[in-house]
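Enquirer: here is the input, now give the coordinates:
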Amino acid sequence: MIIEYRNNETQRICENTAYARRKFSPSVVTRLGMVMYQLSAYDKFDTFRNNPASARYRIHQLKGQESHLTSISLDHSARMTLIVEVKMTEDKVIIWEVSNHYGD
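Expert: Okay, the predicted model is just below:
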């Protein structure tokens, strides 16, 4: 699957573990690394979403004006999420943000 980023900050968080550790807890950074590895290993997002092992990420579509985005939960206790946009062909995702569920 092709992975793109909405901006340079998001790319830096997702690709640079040392940088991500300055912003997030170790559990979030570890889970983010696992999700990034898994996303890159699959050809299509649907395959990742339908894998029984991915159930722990609580993957779901957002609603309202953000209905074109998908949420992947990274750490339930910290309410950290990875927001992605899945392109129609489903062989490409655009990572919008890594953030707290409430935007903090």
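
Enquirer: please enumerate the helices of the chain.
Expert: Ranges of helices in the chain, per DSSP state H, are 8-15, 17-23, 26-41, 45-50.

Enquirer: closest to residue 76 out of the ones you listed?
Expert: Nearest to residue 76, of all the helices of the chain, is helix 26-41, at 9.8 Å by Cβ to Cβ. Where you see a C-beta, it was placed from the backbone N, CA and C, and this is true even at glycine.

Enquirer: packing partners for the closest one?
Expert: Packing partners of helix 26-41 (3 or more Cβ pairs under 8 Å, 6 or more residues apart in numbering; DSSP states H and E): strand 2-5, helix 8-15, helix 17-23, helix 45-50, strand 69-75, strand 80-86, strand 92-100.

Enquirer: mind redoing it with 6 Å?
Expert: In terms of contacts (3 or more Cβ pairs under 6 Å, 6 or more residues apart in numbering; DSSP states H and E), helix 26-41 is packed against strand 69-75.
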